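*Asks:* just coords:
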């Protein structure tokens, strides 16, 4: 079993920055793709960003390209999402997810990820 715990969310103003963290415990995760998703009220969960096991590849949703940066520190079993120039439309619960499959891909569909955190709320006021 793997447990994922997100932190770093909060209430900020448009243009501000936040750094989300995801801590993985239970089993080593340094060989698996990890991703960040978000879900706004009344909307489906959507892909935000993903990173392969060694950080060699990253992917971003068009809505966050150029503003968000994903990274990971396998020595600490941590994944991060640096979010800059936040907009009100970024308001959502942000989830960390683990793919748990030995392949170098970054799926964008939530059902391709096996483990999920409980989420952290990000609210951006205008």
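*Replies:* Received, thanks. The structure presented is a predicted model; accordingly, all values stated were derived computationally and were not measured.
*Asks:* please count neighbours and contacts with C-alpha atoms only from this point.
*Replies:* OK.
*Asks:* chain neighbours aside, what residue packs nearest to the residue most central in space within the chain?
*Replies:* For the chain, the residue sitting closest to the mean C-alpha position, by CA atoms, centre = their mean, is residue 36 at 2.0 Å. Spatial nearest neighbour of residue 36, chain neighbours left out: residue 96 (4.7 Å); criterion: CA to CA, 6 or more residues apart in numbering.
*Asks:* same check on residue 104?
*Replies:* residue 52 (6.0 Å).
*Asks:* and that neighbour, what does it touch?
*Replies:* Going by CA atoms under 8 Å, 6 or more residues apart in numbering, residue 52 touches 32, 33, 34, 58, 104, 105, 106.
*Asks:* which one of the residues you listed is nearest residue 5?
*Replies:* Taking CA to CA as the measure, residue 5 lies nearest residue 34 of these, at 12.9 Å.
*Asks:* this structure: strands as residue ranges?
*Replies:* Using DSSP state E, the strands of the chain run over 3-7, 10-13, 18-25, 34-39, 46-51, 58-60, 68-73, 78-83, 92-98, 115-116, 120-125.
*Asks:* could you dump the ones you listed to JSON lines with mean pLDDT?
*Replies:* Formatted as JSON lines, the strands of the chain follow (pLDDT from 0 to 100):
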{"stretch": "strand 3-7", "mean pLDDT": "97"}
{"stretch": "strand 10-13", "mean pLDDT": "98"}
{"stretch": "strand 18-25", "mean pLDDT": "97"}
{"stretch": "strand 34-39", "mean pLDDT": "98"}
{"stretch": "strand 46-51", "mean pLDDT": "98"}
{"stretch": "strand 58-60", "mean pLDDT": "97"}
{"stretch": "strand 68-73", "mean pLDDT": "97"}
{"stretch": "strand 78-83", "mean pLDDT": "98"}
{"stretch": "strand 92-98", "mean pLDDT": "98"}
{"stretch": "strand 115-116", "mean pLDDT": "97"}
{"stretch": "strand 120-125", "mean pLDDT": "98"}
